[in-house]
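Novice: Predicted coordinates and the sequence they were generated for:
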Amino acid sequence: MQTIDNFNFAGKKAIVRVDFNVPLDENGKITDDTRIRGALPTLKKILADGGSVIIMSHMGKPKGKVNAKFSLSQIVDAVSEKLGVAVKFAPDCAKAADAAAALQPGEALLLENLRFYPEEEGKPVGIDKEDPAYEEAKKAMKASQKEFAKTLAGYADCYVNDAFGTAHRKHASTAVIADYFDADHKMLGYLMEKEVTAVDNILSNIKRPFTAIMGGSKVSTKIGIIENLMDKVDNLILCGGMTYTFAKAMGGEVGQSICENDKLDLALSIMEQAKAKGVNLVLATDCVAGDDFKNDCNTMICPSGEIPAGFEGLDAGPESRKAFAAAIEPAKTILWNGPAGVFEMDNFTAGSRAIAEAIAKATANGAFSLIGGGDSVACINKFGMADQVSYISTGGGALLEAIEGKVLPGIAAIKGE
Ligand code: AMP
């Protein structure tokens, strides 16, 4: 596989898929530029080699239509400032051939939002899935998606994908475009390489013991990952809202807690699988329960299966926090996805904080720790501990699919799988 380090971009034009889907305030000002900063090493390497870059991205969900609210023109100045060159702008991503051809070494061109064209996502618009004509429309859209990808590919000599956040999508710019470059002229960017290595560290290159912490609201959304991890981990901490589905499955009373009554059998089967596979399953045995879903509600500490009516479990209790720390601190590989409580409310952060602190301690002792999934990243940032873990993934859905063991189309398209 070609790599960005081995490729000399001198005199070449590179089309680079980045994830510049940054949050904007009502005045179009960027409120968090993490994603732009994430792509800079790749863009700078190409320019430093003496190449030129055509940068492409999506922003928001314009659903195949031009919408000024999602125009990437709003971020040209910010990208120019961070990249250190005056970035040019192509107001129509599918009609940028001349602007691309005019680029000189060291110059950069940003294309307008790819999702202003329905071909980017490749889904037929304005037709219902139930409509008998849908299949035909889908076929036609796939054909025009190829044409769209070919147009983009025509702007450049080589293709770099550095958008991990969309790697789980088979879109024109994330996967289909790769068909128009040979193996020597397509590669992953630095951010993608880092993400792939991080996932590899927890899926294949595991140092033991391996502790995974799965939290969040529901067991149903995490089941694929939990089952895939069951074959790999030594300790599996299941916490957050799913605690109460387990507590109820074991015959407990969970009051008003979030609980998936149709997943009680699933919870029992996870417990059996863990036993059969020798995985140390750590559940939150006690909780901080509240009499309302509010930060300043009345609280009590009780076993997770003995929550009185009118109360709901909102955070892990002190006994659970100790058990979490005991399973995390000696670990050499750690994966954390999903908070242990309703961390958005300050009075229910203790469980997540205990996890973050134990991860920081283990990391200081040489463990590899990967934090991924929007909410656990928000948690680590809230606690100001982002620099105390090994790696924070930029991909939400993409990371979860990778951990489930799925092949990501964006990566497969480059590797030629
Ligand atoms: P997810 O998107 O499934 O990872 O869930 C994240 C959300 O789970 C966060 O917004 C948390 O507030 C929420 N959460 C964590 N613990 C609980 C709980 N005990 N009850 C209700 N929501 C919870």
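Specialist: Everything's here; your move.
Novice: which ones are touching the nearest residue to Q273 once chain neighbours are set aside?
Specialist: Once its chain neighbours are removed from consideration, Q273 has its nearest residue in M230; the separation is 5.4 Å (Cβ to Cβ, 6 or more residues apart in numbering). For every residue, glycine as well, the C-beta is placed using N, CA and C. If a contact means Cβ atoms under 8 Å, 6 or more residues apart in numbering, then M230 has 236, 270, 273-274, 277, 279 as its contacts.
Novice: In the stretch 101-250 of the chain, which residue sits closest to the ligand?
Specialist: In the stretch 101-250 of the chain, the residue that lies nearest the ligand is G216 (2.5 Å; Cβ to the nearest ligand atom).
Novice: can you pull the contacts of that residue?
Specialist: With contact taken as Cβ under 8 Å, 6+ apart, G216 is in contact with 222, 240-242, 337-339, 373, 375.
Novice: tell me which element K82 is part of?
Specialist: helix 76-83 (DSSP states H and E).
Novice: strand partners of whichever helix or strand comes after that helix, parallel vs antiparallel please.
Specialist: Scanning forward in sequence from helix 76-83, with DSSP H and E defining helices and strands, the next element found is strand 88-90. Strand 88-90 has the following strand partners under DSSP bridges: strand 108-111 (parallel).
Novice: okay, the partner strand in CSV with CA atoms only?
Specialist: The C-alpha trace of strand 108-111 is given here as CSV (Å, rounded to 0.1, in the frame of the first residue of the first chain):
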residue,chain,number,x,y,z
ALA,A,108,-4.3,25.1,-2.0
LEU,A,109,-7.9,25.1,-3.3
LEU,A,110,-10.9,24.3,-1.1
LEU,A,111,-14.0,22.9,-2.9
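Novice: Would you check that A153 makes contact with H185?
Specialist: No: between A153 and H185 there is no contact under Cβ atoms under 8 Å: 9.9 Å.
Novice: which one of those two has more residues nearby?
Specialist: It is A153, of A153 and H185, that has more neighbours when counted by other Cβ atoms under 10 Å, with 22 against 18.
Novice: so what's that one scoring on pLDDT?
Specialist: Looking at A153, its pLDDT is 98.
Novice: Next: the one 4 residues further on.
Specialist: The confidence metric pLDDT takes the value 98 at D157.
Novice: neighbours around it, how many?
Specialist: Considering only other Cβ under 10 Å, D157 is surrounded by 15 other residues.
Novice: And for the helix holding K82, what's in contact with it?
Specialist: Counting contacts by Cβ under 8 Å, 6+ apart, the residues outside helix 76-83 that touch it are 20, 30, 33, 36-37, 40, 43-44, 47, 55, 86-87, 89, 108, 110.
Novice: Need the CA coordinates for the helix or strand of the chain with the lowest mean pLDDT. CSV is fine.
Specialist: The weakest-scoring helix or strand in the chain, judged by mean pLDDT, DSSP states H and E, is helix 374-382 (a mean of 85). Taking C-alpha atoms only, helix 374-382 is exported to CSV below (Å, rounded to 0.1, in the frame of the first residue of the first chain):
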residue,chain,number,x,y,z
GLY,A,374,-18.6,11.6,21.2
ASP,A,375,-19.7,11.4,24.8
SER,A,376,-16.7,9.9,26.4
VAL,A,377,-14.6,12.4,24.5
ALA,A,378,-16.8,15.2,25.8
CYS,A,379,-16.3,13.7,29.3
ILE,A,380,-12.5,13.7,29.1
ASN,A,381,-12.6,17.3,27.8
LYS,A,382,-15.0,18.3,30.6
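Novice: name the helices or strands packed onto it?
Specialist: Counting contacts by 3 or more Cβ pairs under 8 Å, 6 or more residues apart in numbering; DSSP states H and E, helix 374-382 packs against helix 350-364.
Novice: Please enumerate residues in contact with the least confident helix or strand of the chain?
Specialist: For helix 374-382, with Cβ under 8 Å, 6+ apart as the criterion, the contacting residues are 215-216, 336-339, 343, 349, 352, 356, 371, 386, 389, 392-393, 396.
Novice: Now, those residues that are in helices?
Specialist: 352, 356 (DSSP state H).
Novice: Need the distance between the two termini of stretch 334-346.
Specialist: Between the opening and closing residues of stretch 334-346 there is a gap of 25 Å (Cα to Cα, to the nearest Å).
Novice: So is that stretch next to the ligand?
Specialist: Yes: contact check for stretch 334-346 against the ligand, using Cβ under 6 Å from any ligand atom: residues in range are 338-339, 341-342, 344.
Novice: Equivalent analysis for stretch 257-276, please.
Specialist: Yes: judged by Cβ under 6 Å from any ligand atom, stretch 257-276 and the ligand are in contact via I258.
Novice: can you tell me how far T197 sits from E306?
Specialist: Here T197 is placed at a distance of 44 Å from E306 (Cβ to Cβ, to the nearest Å).
Novice: Can you name the residues of the stretch 301-417 of the chain that neighbour the ligand?
Specialist: Applying the criterion Cβ under 6 Å from any ligand atom, the portion of the stretch 301-417 of the chain that neighbours the ligand consists of 313-314, 338-339, 341-342, 344, 373, 375.
Novice: who has more neighbours, T197 and E306?
Specialist: Set T197 next to E306 and count neighbours by other Cβ under 10 Å: E306 wins out with 14 against 11.
Novice: Just list the residues touching C259, thanks.
Specialist: Contact criterion Cβ under 8 Å, 6+ apart gives 244-245, 248 as the residues in contact with C259.
Novice: For Y244, see how far away it is.
Specialist: Distance from C259 to Y244, counting by Cβ to Cβ: 4 Å.
Novice: Likewise for A276?
Specialist: On the measure of Cβ to Cβ, A276 and Y244 end up 24 Å apart.
Novice: quick one: which of these two has more around it?
Specialist: Looking at A276 and Y244 with other Cβ under 10 Å, you find the greater number of neighbours at Y244, namely 28 against 9.
Novice: Can you verify the more buried one is assigned to a strand?
Specialist: No: judged by DSSP: H, G, I helix; E, B strand; the rest coil, Y244 forms no part of a strand; its state is helix.
Novice: Look up the closest residue to it, ignoring the ones flanking it.
Specialist: Once its chain neighbours are removed from consideration, Y244 has its nearest residue in S257; the separation is 3.8 Å (Cβ to Cβ, 6+ apart).
Novice: just A100 next, same as before
Specialist: Closest residue to A100 apart from its sequence neighbours, by Cβ to Cβ, 6+ apart: Y155 at 3.8 Å.
Novice: right, and the secondary structure at that neighbour would be what?
Specialist: Per three-state DSSP, the local secondary structure of Y155 is coil.
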